[in-house]
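[1] here's a sequence, model it:
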Amino acid sequence: MHRGVGPAFRVVRKMAASGAEPQVLVQYLVLRKDLSQAPFSWPAGALVAQACHAATAALHTHRDHPHTAAYLQELGRMRKVAPDETTLKELAETLQQKNIDHMLWLEQPENIATCIALRPYPKEEVGQYLKKFRLFK
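    Numbers count the residues shown, from 1 in each chain. Okay, here's the model as predicted:
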C-alpha cells in the first residue's frame, strides 16, 4: 500500500464521523486548444496523449501528498479545461507565483508546452485560477 494513503483515509473518516462533508478534490488539466487548429492541426488522439502525460506526471510527482492519495480513491470527480499557448504560459506563471503544485508538460523533441496538470487540490483552493477555462470538447 502507498505510504500516503493511511493519513488521507483517516482525515476522510474523521470528517464523515463528525458529520462534516469531505472536501471535493479535483485535478485540473489545462490543455492548449490551439494545437487542434491550423497551423498545428494535431489530431484528438495526440491531444489526449498530452493530457495523459501531464496528468500522470503530476500524480507521480505529488504521489506522497495526502490530497493525491485521497483523490485517487475518488476517480469520478475529474475536470479538464483548455486554453491557447499564451494563456497556458500565463497560467503556469500564476500557479508558480501562488505556489500551486503543477506540472507543465513539454512535448519533446519540439519543446512545445501542451498541457498543465495540477496535483489534486480542494476545489476552493484553486478554482479561482481555473474558472475562466472551458471544458475540452
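[2] and the helix or strand hosting Ala46, what does it pack onto?
    Ala46 belongs to helix 44-61 when assigned by DSSP states H and E. If contacts are counted by 3 or more C-beta pairs under 8 Å, 6 or more residues apart in numbering; DSSP states H and E, helix 44-61 sits against strand 28-31, strand 102-107, strand 112-118. In this view, the C-beta of every residue, glycine as well, is placed from N, C-alpha and C.
[3] for this protein, which spans come out with low pLDDT?
    Along the chain, segments meeting pLDDT under 70 span 1-22, 75-83.
[4] at 90 instead, please
    Within the chain, the ranges that satisfy pLDDT under 90 run 1-29, 33, 48, 71-89, 106-108, 110-113, 130-137.
[5] re earlier: how about the helices and strands packed on helix 44-61, which one is nearest Leu130?
    strand 28-31 (5.0 Å; C-beta to C-beta).
[6] next, the buried residues of that closest one.
    Within strand 28-31, the residues scored as buried using 16 or more other C-beta atoms under 10 Å are Tyr28, Leu29, Val30, Leu31.
[7] do the same with stretch 60-72
    The neighbour-count check on stretch 60-72 (16+ other C-beta under 10 Å) flags His62, His65, Pro66, His67, Thr68, Ala69, Ala70, Tyr71, Leu72 as buried.
[8] greatest separation within those residues: which pair is it?
    Of all pairs in the buried residues of stretch 60-72, the most separated under C-beta to C-beta is His62 and Ala70 at 12.1 Å.
[9] thanks again, I'm all set now.
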